[in-house]
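Colleague: model this:
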Amino acid sequence: MLMGVAGRSTERLDLVLPEGVLPLANVRAEVRRLLRGMHENVVVDVMVVATELVSNAYHHAAPNRSARVLCLPEREVVRVEVDDGTPGRFPQLGRMGFLGRRQRGLLLVNGLAQVWGHNRFPDSKTVWADVSTVR
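Modeller: Numbers count the residues shown, from 1 in each chain. Next comes the predicted model:
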């Protein structure tokens, strides 16, 4: 298995993201397992958001990566959080270009998430997005 599951319950999934390996298929599979029973559109939206945030952490940030998916029923959202070791580099919403293959991830996140942002810490940052569970 490319990615270890550090802890998991019916409401929270903690993902260990290994160095050097981009484990996107495993991220999607674990998200699908966690959200089993939710509306399929919610599951797919959360899988896309998780994929994009994890991919950005691998392509644009330093190691010490981890991720969490939290079901927050009182807020009617599923939150995706991805940590990385680059506190001074913040996510920026790109522009969709005709030939550009990059910079589309946050456009997808922006379109699928109710709200997204980042929190900076001394040695790391967390990029997060809330996906609505109301359909």
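Colleague: I'd like the next helix or strand past the top helix by length along the chain.
Modeller: In the chain, with assignment by DSSP state H, the single longest helix is helix 40-60. For helix 40-60, the succeeding helix or strand toward the C-terminus, using DSSP states H and E, is strand 66-72.
Colleague: In contact with A57, which residues?
Modeller: Under the criterion of Cβ atoms under 8 Å, 6 or more residues apart in numbering, the neighbours of A57 are 17, 65, 67, 82-84, 127. All C-beta spots, glycine's among them, are computed from the backbone N, C-alpha and C.
Colleague: Let me see the contact set for the spatially most central residue of the chain.
Modeller: Centroid-nearest residue in the chain, with Cα atoms, centre = their mean: A50, separated by 2.9 Å. By Cβ under 8 Å, 6+ apart, the contact set of A50 is 27-28, 31, 67, 69, 80, 82.
Colleague: Filter the residues you listed down to the ones in strands?
Modeller: When DSSP state E defines the strands, the subset of these inside them is 67, 69, 80, 82.
Colleague: Need these in JSON lines (columns: pLDDT).
Modeller: What follows is those, written out as JSON lines (pLDDT from 0 to 100):
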{"residue": "A67", "pLDDT": "97"}
{"residue": "V69", "pLDDT": "97"}
{"residue": "V80", "pLDDT": "99"}
{"residue": "V82", "pLDDT": "98"}
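Colleague: So which of the residues you listed is the closest to L35?
Modeller: For those, the residue nearest L35 by Cβ to Cβ is V69; the value is 7.9 Å.
Colleague: Would you check that the closest one makes contact with V46?
Modeller: Yes: using Cβ atoms under 8 Å, V69 is in contact with V46, at 6.8 Å.
Colleague: tell me, what's touching the two both at once?
Modeller: With Cβ under 8 Å, 6+ apart as the test, V69 and V46 both reach 31, 35, 78, 80.
Colleague: which parts of stretch 72-86 are buried?
Modeller: Neighbour counts over stretch 72-86 (16 or more other Cβ atoms under 10 Å) mark 77-84, 86 as buried.
Colleague: circling back: and the angle for the longest helix of the chain with strand 66-72?
Modeller: Orientation of helix 40-60 against strand 66-72 (axes from the mean of the first three to the mean of the last three Cα atoms, to 10 degrees) gives an angle of 160 degrees.
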